[in-house]
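K.L.:
Okay, here's the prediction I keep looking at, along with the sequence it came from:
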Amino acid sequence: MAKGKSSEKAVTYSDLVAQIKNKQFAPVYLLHGEEPFFIDRLCKMFEEGILEPEERDFNQVVLYGKDTEVDMVIANAKQFPFGSPYRVVILKEAKELKKIELLDSYVENPSPQTILVVCYKYGKLKQAKTYNKNGVVFVSEGVKDWNLAAWIQDLASQTFNYKLNPQTAAVLSEHIGNDLSRIFTEFQKLQVVLPAGSEITPEVVEKYIGISKEYNIFELQDALGSRNLPKVYNIMLNFTMHLKDNPNIRTISMLYSYYHKMIRYHLLPDKSNDALKTVFGNLSPNFIARNVGIANNHTLPQLTRIISILREYDVKSKGVDANIDEGELLKEMIYKITHV
């Protein structure tokens, strides 16, 4: 899944999951970075994966940065475990802890009987090097857009034991975007109605996640790319009737990314498989080949003109120099794109 990096030691999300499962613990963990999803997931695993349920009452404490002080964190970390090999102290919302740098004195000489987990979301702790000396530092980074569909497939199969084809994964990535927590939550909800080992089909996505299998941005891109005009206008009209679910700003952003990838393809000096993946994403060879075919059906001047149209209507959709209904703007824009 996501990788964490530090200046001295590099540890991945998968590494930490394996360590927790194998009961291989360091005395101190710092989980920090801009992406909250991986920090939340690891924090939950530490809460549930170190001590047995009957051991937690006396040996596990969860503190919150905004409601505690450094002295309280250190005092809890220095206590000895009772009837358990470890004492576990988890500090959530560590970014809210005042004078967190004073925790360095404990981190420099941590108790061997305690596992301290510091969860610092939406940023990086300046004192990370101190934690590296006697513990483990994980940097939580978001999934890149080009790899999001593959990450969703991986999440579906490895975490939830579902089958998910690349096209349906692409629909989810395009519709939901890089909100990893929401993607995870949607799969959790599917567990209520979908047995493990099942396939997440477009019908399942439409019924339980609310993304139409026929009228979504992925299908619009596909229709535009293949110049299937009846399908383009059918989807466009559906979008105009459901603008709340398909706002112009998001549609334009997705189309911009779609056509920009084609321009990047045309400008690639090296069109090897690895180079193509950096443009089209970590998709299967068949999907990459299809995208290459669509790109080759568009000239560079055509693509440049389409990008210009998208920029024009992006500005208009934000209310600049336009007094036209949002649905009418979409119709105008699609008409111009299909007549380039």
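P.N.:
Arrived safely, thanks for sending. Treat the numbers as computed from the prediction; the structure is a model and nothing was measured.
K.L.:
and the residue nearest the centre of the chain, how far is that from Y29?
P.N.:
The chain has L180 as the residue nearest its centroid, 3.7 Å off, counting by C-alpha atoms, centre = their mean. Using C-beta to C-beta, to the nearest Å, we find L180 at a distance of 20 Å from Y29. For glycine as for every other residue, the C-beta is placed from the backbone atoms N, C-alpha and C.
K.L.:
again, but for P166
P.N.:
Using C-beta to C-beta, one gets 35 Å for the distance from P166 to Y29.
K.L.:
More neighbours: the two, which one.
P.N.:
With neighbours defined as other C-beta atoms under 10 Å, P166 and Y29 compare such that Y29 has more, 24 against 18.
K.L.:
can I assume the more buried one is in contact with L116?
P.N.:
Yes. Using C-beta atoms under 8 Å, Y29 is in contact with L116, at 7.1 Å.
K.L.:
any residues in contact with both of the two?
P.N.:
Each of G135 lies in contact with both Y29 and L116 under the rule C-beta atoms under 8 Å, 6 or more residues apart in numbering.
K.L.:
just the strands in the stretch 101-250 of the chain please.
P.N.:
Assignment of strands within the stretch 101-250 of the chain using DSSP state E, counting those that start in this stretch yields the ranges 114-121, 136-140.
K.L.:
Name whatever forms a beta bridge with the residue nearest to Y131 when sequence neighbours are not counted.
P.N.:
Spatial nearest neighbour of Y131, chain neighbours left out: L30 (4.1 Å); criterion: C-beta to C-beta, 6 or more residues apart in numbering. Beta-bridge partners for L30, by DSSP bridges, are V118, V137.
K.L.:
contacting residues for L30?
P.N.:
Counting by C-beta under 8 Å, 6+ apart, L30 touches 118, 120, 125, 128, 131, 135-138.
K.L.:
next one: S272
P.N.:
With contacts taken as C-beta under 8 Å, 6+ apart, S272 has no neighbouring residues.
K.L.:
quick one: it and I288, what's the gap?
P.N.:
With the distance defined as C-beta to C-beta, S272 ends up 11 Å from I288.
K.L.:
in stretch 56-66, what counts as buried?
P.N.:
The neighbour-count check on stretch 56-66 (16 or more other C-beta atoms under 10 Å) flags 56, 59-61, 63, 65 as buried.
K.L.:
Over to stretch 37-44?
P.N.:
For stretch 37-44, the neighbour count (16+ other C-beta under 10 Å) marks 37-43 as buried.
K.L.:
Columns pLDDT, distance to T201 and secondary structure on top of the buried residues of stretch 56-66, output as a markdown table?
P.N.:
What follows is the buried residues of stretch 56-66, written out as a markdown table (pLDDT from 0 to 100; distance: C-beta to C-beta, whole Å; DSSP: H, G, I helix; E, B strand; the rest coil):
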| residue | pLDDT | distance to T201 | secondary structure |
| --- | --- | --- | --- |
| R56 | 94 | 40 | helix |
| N59 | 96 | 45 | helix |
| Q60 | 97 | 41 | strand |
| V61 | 97 | 45 | strand |
| L63 | 97 | 44 | strand |
| G65 | 96 | 43 | helix |
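K.L.:
In TSV: those residues, plus distance to I249.
P.N.:
Rendered in TSV, the data for those read as follows (distance: C-beta to C-beta, whole Å):
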residue	distance to I249
R56	47
N59	50
Q60	45
V61	45
L63	41
G65	35
